[in-house]
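A.B. asks: Whatever this is, show me its structure:
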Amino acid sequence: MNESTPDINVIYESDDLIAINKPHGLLVHRTKIAADVKVFAVQLVRDYLNQRVHPAHRLDRKTSGVLLFAKHTEASSTIQQMFQNHQIQKTYQAIVRGHIPSKGIIDDPLTNESKTQEATTHYTRTETFEIQVPHGPHTTSRYSEIIVKPETGRFHQIRKHMAHIRHPIIGDRPHGCNKQNRLWKEKFQMEKMMLHASRLEFEWKEETVVIEAKKSQEYERVLEILKTN
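C.D. replies: Next up is the predicted model:
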């Protein structure tokens with residue numbers, strides 16, 4: 001990789017697959033929506049390996065965490081089929097508005113491009129916070145950190161489902177809470193979305209593969225703010 005190419009954080013590599021810890025804001029590949037963007041994850045991994053690679057799944061631009069690629073077409077076909085057949089366990093972490101119930105299942109169909117699909121998301125609350133920051137009629141602001149395991153893989157599924165149960169992800173635009181997003185921007189200079197793809201687990205060639213990604217510095221900073229305020 002030459003000096004002008006941004007660094008990538010490789011967290012797993014085998015003969016068939018490679019995974020990086022994608023930072024907030026990095027697109028997986030070129031899209032018409034962001035035609036002005038010059039750097040993409042596919043390009044960075046391709047340049048790192050000096051060979052063509054194939055994205056195994058999607059990860060929102062605003063989401064950080066485990067992003068998996070296949071090194072050749074055979075591996076790409078197999079791993080994508082595994083995602084479609086729900087043979088890969090995906091785990092996310094998120095910080096949401098309010099004190100969410102200790103655990104729950106959101107089973108709510110989602111419509112994308114006029115097509116309605118079943119969508120199921122499981123979540124478990126790991127911690128709650130109440131900080132001394134007034135918000136609207138309230139004298140404090142409440143938040144929760146959760147572990148999320150989507151059973152299906154619909155477009156913006158976790159983001160839409162958390163908004164659906166009125167516990168939107170902090171920093172999410174457009175599905176989140178505009179007032180909360182403005183509060184975090186003005187008081188804490190925080191504009192990232194607090195959703196992190198922390199883990200993938202699957203069977204590959206008779207071995208269990210577990211790929212984990214550390215939380216971003218900004219995610220950790222937000223946690224510190226919540227714990228100390």
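A.B. asks: just checking, what packs against the helix or strand of the chain with the lowest mean pLDDT?
C.D. replies: Ranked by mean pLDDT, DSSP states H and E, the weakest helix or strand in the chain is strand 110-112, scoring a mean of 89. If you count contacts as 3 or more Cβ pairs under 8 Å, 6 or more residues apart in numbering; DSSP states H and E, strand 110-112 packs onto strand 115-117, helix 157-164. Where C-beta positions appear, they are placed from N, C-alpha and C, glycine not excepted.
A.B. asks: Buried residues of the longest one, list them for me.
C.D. replies: Looking back up the chat, that one is helix 157-164. 157, 158, 159, 160, 161, 162, 163 (16 or more other Cβ atoms under 10 Å).
A.B. asks: Throw those residues into CSV and include pLDDT, thanks.
C.D. replies: Below are the buried residues of helix 157-164 laid out as CSV (pLDDT from 0 to 100):
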residue, pLDDT
157, 96
158, 98
159, 97
160, 97
161, 98
162, 98
163, 97
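A.B. asks: closest to residue 178 among those?
C.D. replies: residue 163 (11.6 Å; Cβ to Cβ).
A.B. asks: ok, the closest one touching residue 176?
C.D. replies: Yes. In this structure residue 163 lies within contact range of residue 176 using Cβ atoms under 8 Å: 6.6 Å.
A.B. asks: what touches both of these two?
C.D. replies: Taking Cβ atoms under 8 Å, 6 or more residues apart in numbering as the criterion, residue 163 and residue 176 both touch residue 169.
A.B. asks: now the strands for this structure?
C.D. replies: 10-13, 17-22, 54-55, 64-70, 89-97, 103-107, 110-112, 115-117, 120-131, 141-150, 195-204, 207-212 (DSSP state E).
A.B. asks: From the chain's centroid, how far away is the least confident helix or strand of the chain?
C.D. replies: 19 Å (Cα atoms, centre = their mean, to the nearest Å).
A.B. asks: Stretch 59-77 now?
C.D. replies: 12 Å.
A.B. asks: Likewise for stretch 10-18?
C.D. replies: For stretch 10-18, the distance to the chain centre is 19 Å (Cα atoms, centre = their mean).
A.B. asks: Contacts for that stretch next, please.
C.D. replies: 19-21, 45, 48-49, 53, 56, 66, 68-72, 75, 79, 204-205, 209, 211-213.
A.B. asks: What is the neighbour count of residue 73?
C.D. replies: 10 (other Cβ atoms under 10 Å).
A.B. asks: Would you mind measuring from it to residue 89?
C.D. replies: Per Cβ to Cβ, to the nearest Å, residue 73 is found 24 Å from residue 89.
A.B. asks: quick revisit: would you turn the helices and strands packed on strand 110-112 into a markdown table with distance to residue 226?
C.D. replies: Shown next, in a markdown table, are those (distance: least, Cβ to Cβ, whole Å):
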| stretch | distance to residue 226 |
| --- | --- |
| strand 115-117 | 34 |
| helix 157-164 | 17 |
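A.B. asks: Which of these sits closest to residue 123?
C.D. replies: Nearest of the helices and strands packed on strand 110-112 (Cβ to Cβ): helix 157-164, 7.9 Å.
A.B. asks: Contact partners for residue 226?
C.D. replies: Per Cβ under 8 Å, 6+ apart, neighbours of residue 226: 95, 129, 131, 143.
A.B. asks: Per-residue pLDDT of it, please?
C.D. replies: For residue 226, the pLDDT comes out at 98.
A.B. asks: Residue 167 now?
C.D. replies: The model's pLDDT for residue 167 equals 98.
A.B. asks: Correct me if wrong: it contacts residue 100.
C.D. replies: Yes. Using Cβ under 8 Å, residue 167 makes contact with residue 100 at a distance of 4.6 Å.
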